[in-house]
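Asks: using only what follows, build the 3D model:
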Amino acid sequence: MRVLITGDSHLARPARDGWSITPGSTSVAVGGAVATDLPGQVAGLDPAAYDVVVVSVGTNDAGWRAVPLAEFTGGIAWLLAWAGATPVVLMTSPGCLDARVAGWSNARLAEYAAAAASLVEAAGGRVLDTPALLAPLGPAAFVEDGFHLTPAAYDVLLPALARATDIP
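Replies: As a prediction, the model looks like this:
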């Protein structure tokens with residue numbers, strides 16, 4: 001399975017730490033990325049060279065980078081058009097610990113996640129509801145900063161992403 005991983009630190013960190021969704025994954029994800037950064041991440045790549053494209057954006061868009069929702073959804077729509085026939089799997093923003101972060105809120109992150117999910121599903125892609133998946137971990141899903149994920153969260157998240165990329 002040839003998987004292209006795009007997006008923000010939620011998917012850049014596993015690649016940096018030597019974890020993978022599946023053997024043969026290629027990661028172009030970058031910490032701090034937003035949806036409008038996706039064209040630069042995939043520049044020069046051929047989506048047909050991959051079996052699936054995985055994307056994680058929304059946390060920075062709805063948080064400190066404050067990307068307007070219309071620009072965020074435009075970035076998602078651009079990625080879907082670029083991917084063409086290659087299926088896309090969206091890993092929604094995992095949310096945050098509201099009490100620990102400034103500039104982020106679960107309500108705003110959920111709004112952006114729902115908008116992206118609607119576009120991806122309409123294009124025939126899959127959506128991984130990351131907050132629901134990580135809910136059993138509670139606060140243990142997040143490191144001290146309140147929005148990045150712990151190794152325990154990745155122990156749950158990466159196998160779920162691997163299953164989601166198994167698109168017939």
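
Asks: tell me which helix or strand of the chain sits lowest on mean pLDDT?
Replies: Here the helix or strand of the chain ranked lowest by mean pLDDT, DSSP states H and E is helix 9-16, holding a mean of 89.

Asks: does anything pack onto the very next helix or strand once past that helix? Which helices or strands?
Replies: Moving toward the C-terminus from helix 9-16, the next helix or strand (DSSP states H and E) is strand 26-27. For strand 26-27, the packing partners by 3 or more C-beta pairs under 8 Å, 6 or more residues apart in numbering; DSSP states H and E come out as strand 3-7, helix 9-16. Backbone N, C-alpha and C define where each C-beta goes, glycine included.

Asks: of those, which approaches Gly75 most closely?
Replies: strand 3-7 (10.4 Å; C-beta to C-beta).

Asks: which strands and helices lie in contact with that closest one?
Replies: Using 3+ C-beta pairs under 8 Å, 6+ apart as the test, strand 3-7 ends up in contact with strand 26-27, helix 38-42, strand 52-56.

Asks: mind checking the pLDDT average for that strand?
Replies: For strand 3-7, the mean pLDDT works out to 96.

Asks: if we can go back for a sec, Thr165 is nearest to which of the helices and strands packed on strand 26-27?
Replies: Closest among those, using C-beta to C-beta: strand 3-7, at 5.4 Å.

Asks: circling back: can I get the helices and strands packed on strand 3-7 in JSON lines including mean neighbour count, mean pLDDT and distance to Ala132?
Replies: Compiled in JSON lines, those are given as follows (neighbours: other C-beta atoms under 10 Å; pLDDT from 0 to 100; distance: least, C-beta to C-beta, whole Å):
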{"stretch": "strand 26-27", "mean neighbour count": "17", "mean pLDDT": "93", "distance to Ala132": "24"}
{"stretch": "helix 38-42", "mean neighbour count": "17", "mean pLDDT": "98", "distance to Ala132": "24"}
{"stretch": "strand 52-56", "mean neighbour count": "27", "mean pLDDT": "97", "distance to Ala132": "15"}
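
Asks: so which elements touch the least confident helix or strand of the chain?
Replies: Partner elements for helix 9-16 (3+ C-beta pairs under 8 Å, 6+ apart): strand 26-27, strand 52-56, helix 151-164.

Asks: list the buried residues in it.
Replies: Ser9, His10, Leu11, Ala12, Arg13, Pro14, Ala15 (16 or more other C-beta atoms under 10 Å).
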